[in-house]
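1. Have a look at this prediction, sequence included:
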Amino acid sequence: MSTIEKVVIVGAGQAGFQVAASLRQGGFEGSVVIIGDEHNAPYQRPPLSKAYLKSLADETSIQLRPEGFYVDNRIELIRGDKVESIDRSNKVVVTESGKQFSYDKLAITTGTRPRPLELPGAELPGVHALRSFLHAANLRDELQSYENIVIIGGGFIGLEVAACAAGLGKAVTVLEYAPRLMGRAVSTISSDFFKAYHESIGVKVITDARMERIVGTDRAQAVALSSGTQIPCDLILVGVGALPNVELAQAAGLDCDNGILVDEYAVTSDQNILSAGDCSNHPNAYANGRFRLESVQNAIDQAKVAASTMLGNSSPYHAAPWFWSDQGEIKLQTVGLPLGTDELVVRGSVEDRKFSVFHYREGKLIAVESINSAGDHMVARKLITTGISPSPAKVSDSAIELKSLLAG
């Protein structure tokens, strides 16, 4: 067992929580402190754009663990206080309120923040982002009062909220700058499918949208496009990506590049500081190099690696990336990273809204996206994890059971 006695975790999201929980599960008996700048106990973020907006979840139900968990496991949880600086030479962190915490090992799990919209009028009331519980609470309140909703950004968050708002009877328009929806995450086949699905539930989707400004005086009233068209609205959600929160790490002199740079053991350029989750840029075998992943899976798996490293049980991070997105009646599940795809194979029926798209690069299976096909997704995760690449001909043959291909 390691000789460390004090662990401080900066950031109370999924990764920060998991580092603390894994330390205790691993038998660590020293002090564990989590410092978060939000007033909530650590919570799940995925429901914020779905169940919470529809009032099917509340602040308590989305907590990662009940309040008693932290007491029972002797985890000190500091809420509503932001870490202002890291003194690496003395191994101390200082918060905005002036508190100081010394550490033997420090984990930075500061996550991301919404990428700001660089448009005139973006600061107007009625323009929302969605990352935190407070964001979601404000958005939910306003959704109840307004009818015309514009979503800027056709990624996971934007489309999840679009489906929710349409389900609540709102008039919804999605504006996507790129030629297709979720362009970096899924194939053209799935992009086209989701566009058609959203249109079928009443969402207006405009791709290649060139936005010039948000119109309004006291509140956002419309989005002006370069074509001269104005899309009227009472409420706007901006979902144009996220930026890693690296400022604290940078100020402390840690190496950063689109995230906090870590090795395969989650260790930064300072051997006593680790990082995990959305803010970390790590070596990823599925990306053929470094990658920064924004996913619950990565936050959990990388945090487990960070905790093991602290405890002296180093095991490299090599988990296959997987994601999911619930949009109305459609569940998308992906595994792997579709980078450099040169062949696509469809299994199942697009018309029946139940299919999977297999991505190949130079004959090797590299990613699979499954729509309403949980069984395919589970087999795909095993195929990607084990490196088995069944032939495109076998994958496309529905007479062949997919799990039989696990034999290679």
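-> Yes, it's here.

2. Surely residue 271 forms part of a strand?
-> No - when DSSP: H, G, I helix; E, B strand; the rest coil is applied, residue 271 is found to be coil, with no strand at that position.

3. number of nearby residues for it?
-> 9 (other Cβ atoms under 10 Å). Using the backbone N, CA and C atoms, a C-beta is placed for each residue, glycine as well.

4. May I have the phi/psi pair for it?
-> For residue 271, the backbone dihedrals (degrees, to the nearest 10) come out as phi -60, psi -20.

5. do the same with residue 320
-> Taking degrees, to the nearest 10, you get phi -70, psi 130 for the backbone angles of residue 320.

6. That one is in contact with residue 386, isn't it?
-> No - applying Cβ atoms under 8 Å as the test, residue 320 and residue 386 come out as separate, 9.3 Å apart.

7. neighbour-wise, which of those two wins?
-> residue 320 (21 against 11).

8. show me the contacts for the more buried one.
-> Contact analysis of residue 320 by Cβ atoms under 8 Å, 6 or more residues apart in numbering lists 286, 335, 336, 381, 384, 385.

9. Please list only the buried members of the residues you listed.
-> Buried subset of the contacts of residue 320 (neighbour count, 16 or more other Cβ atoms under 10 Å): 286, 335, 336, 381, 384.

10. which among the residues you listed gets closest to residue 349?
-> Taking Cβ to Cβ as the measure, residue 335 is the one of the buried ones among the contacts of residue 320 closest to residue 349, at 20.5 Å.

11. how close does the closest one get to residue 87?
-> Relative to residue 87, residue 335 is positioned 41 Å away (criterion: Cβ to Cβ, to the nearest Å).

12. Count the residues that sit near residue 249.
-> Using other Cβ under 10 Å: residue 249 sits among 26 other residues.

13. pretty sure it is in a helix, no?
-> Yes - in this structure, residue 249 lies within a helix as judged by three-state DSSP.

14. Name the residues of the helix or strand hosting residue 69 that come out as buried.
-> Mapping residue 69 onto the secondary structure by DSSP states H and E places it in helix 68-72. For helix 68-72, burial by neighbour count (16+ other Cβ under 10 Å) applies to 69, 70.

15. One more: stretch 183-202?
-> Buried residues in stretch 183-202 (16+ other Cβ under 10 Å): 183, 185, 186, 187, 190, 191, 193, 194, 195, 197, 198.

16. The second one and residue 325: what is the separation?
-> To tie it back to what came earlier, the one meant is residue 185. With the distance defined as Cβ to Cβ, residue 185 ends up 8 Å from residue 325.

17. Please enumerate the shared neighbours of those two.
-> Once Cβ under 8 Å, 6+ apart is applied, the residues that residue 185 and residue 325 both contact turn out to be residue 156.

18. re earlier: which two among the buried ones among the contacts of residue 320 are spaced furthest apart?
-> Every pair in these was compared (Cβ to Cβ); the two farthest apart turn out to be 286 and 381, at 11.9 Å.

19. mind saving the C-alpha coords of the helix holding residue 69 as PDB?
-> The C-alpha coordinates for helix 68-72 follow below in PDB (Å, rounded to 0.1, in the frame of the first residue of the first chain):
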ATOM      1  CA  GLY A  68     -24.500  10.000   3.700                       C
ATOM      2  CA  PHE A  69     -22.100   8.300   1.300                       C
ATOM      3  CA  TYR A  70     -19.500  11.000   1.900                       C
ATOM      4  CA  VAL A  71     -19.800  10.800   5.700                       C
ATOM      5  CA  ASP A  72     -19.700   7.000   5.700                       C
END
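
20. need the next SSE after that helix, C-terminal direction.
-> The helix or strand immediately downstream of helix 68-72 is strand 75-78, counting by DSSP H and E.

21. Quick check: buried residues in the very next helix or strand once past that next one?
-> Sequence-wise, the next helix or strand beyond strand 75-78 is strand 83-87, with elements assigned using DSSP H and E. Buried residues in strand 83-87, counted by 16+ other Cβ under 10 Å: 83, 86.

22. Thank you kindly, that will do.
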